[in-house]
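Fold the stuff below for me.
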Amino acid sequence: MTVPHSAHSVEELCEAGSELYERALREGRVSGADAEGAPCLVDFGLLRPAAEDLSRLEPVAPLVALHRLLRRSGERIADERRREVRLAAVFEPLMRVDERRTTADTPVISVLSGSEQINQAITEAMAHMSRELLTIQPATHTGERRYTAEAISLARDQALLDRGGRIRTLYQHTVRHSPTVLARHELLRGDVEARSLDELTDRLIVTDRAVAFIPVDKDGSIALEVRHPALVGYFATTFDRFWRLATPMHPEAVRQPSLRGVTPRQQAIAGLLVEGHTDAVIAERLGLNVRTARVHIAKLAATLGSESRAQLGYLIGRSGILDGSER
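Residues are numbered from 1 along each chain as shown. Alright, predicted model coming up:
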């Protein structure tokens, strides 16, 4: 006797559905008959008919499915936010009666602790914005996000783009060709641009030039939410200046020119070498590991014909590679 399938929500995926979806991911597809015991997988968009054989079903990638489901959730949240805006408009005249106390009670800098609180604050700020999102993503952050956090970020970014907003992101050169970074931008639909620089500040998020988020510690577990107009304006201006110096990487990538056989990465290393920095500091500032930094330094020394570290600094100065000239 077949047990009838009980209705449930996607976040409470039934055991039969979970097992069949895992099997579909491992094997690449399942038969339509197999899915009769778990119709929820088709209803939730986790399985879809195979193009070459409609009697079989193939799995939708978990990240894609999660992104779509979170986007729907984001749209519901956006509807609630619009309701909040209407309520705020109704109560604004009343709040003016007590404007002095209301203003005094609104913090211009708030401390956020833990990834859940930080993500919630960013999501709420983005739900109220409609124009432009500015973000700086150093190399140390791009490869460490978990899939769920990445999907949440994609959902709220897409919701902003759907409202006609714009997103500009700065990365370090070390991730220009990262499959994860490139795939992220391919998934987003709308006005999205990305550029890269050798060196960047730590992570920065600015929403509509009104609210900024900056990290407090190295691991990003504590952050500040900044609403002071002068500080937010300073962060946005800093971003704009970095942006003008950066090299485009999306939607169209621009190749950085080499100079006398010295690559752009080696030029950046040369600048730090003449400042007297150690290999470890150079690697950290450019988002490299120490071994990779030393390989670049060795290639730079070979290109310039240097036989020692001291001579390398002298040859860098003579070469003109730091000011873009050739000698």
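
Number of residues surrounding the closest residue to residue 41 other than its chain neighbours?
Nearest residue to residue 41 in three dimensions, chain neighbours excluded: residue 47, at 4.3 Å (C-beta to C-beta, 6 or more residues apart in numbering). In short, each C-beta sits where N, CA and C put it, glycine included. Residue 47: 27 surrounding residues under other C-beta atoms under 10 Å.

same thing with residue 222?
By other C-beta under 10 Å, 14 other residues sit near residue 222.

List the buried residues for stretch 150-170?
150-161, 165, 167-170 (16 or more other C-beta atoms under 10 Å).

let me redo that: stretch 49-59
For stretch 49-59, burial by neighbour count (16+ other C-beta under 10 Å) applies to 56-59.

Show me what that stretch is in contact with.
Here stretch 49-59 makes contact (C-beta atoms under 8 Å, 6 or more residues apart in numbering) with 21, 24-25, 28-32, 34-35, 41-42, 46-48.

at 10 Å what do you get?
20-35, 41-42, 46-48, 65 (C-beta atoms under 10 Å, 6 or more residues apart in numbering).

before we move on, back to that, pipe the buried residues of stretch 49-59 into a markdown table and attach pLDDT, secondary structure and distance to residue 262 per row.
Listed next are these as a markdown table, based on pLDDT from 0 to 100; DSSP: H, G, I helix; E, B strand; the rest coil; distance: C-beta to C-beta, whole Å:
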| residue | pLDDT | secondary structure | distance to residue 262 |
| --- | --- | --- | --- |
| 56 | 85 | strand | 55 |
| 57 | 87 | strand | 54 |
| 58 | 88 | strand | 49 |
| 59 | 86 | strand | 48 |
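
and which of these is nearest residue 89?
residue 59 (45.2 Å; C-beta to C-beta).

Give the closest residue to that closest one in space, chain neighbours not counted.
Closest to residue 59 by C-beta to C-beta, 6+ apart is residue 24, at 4.0 Å.

what does residue 136 give?
Residue 136 sits nearest to residue 204 (C-beta to C-beta, 6+ apart), 4.1 Å away.

Pretty sure the residue nearest to residue 59 sits in a strand.
No: Residue 24 sits outside any strand when classified using DSSP: H, G, I helix; E, B strand; the rest coil, being helix.

distance of it from residue 10?
16 Å (C-beta to C-beta, to the nearest Å).
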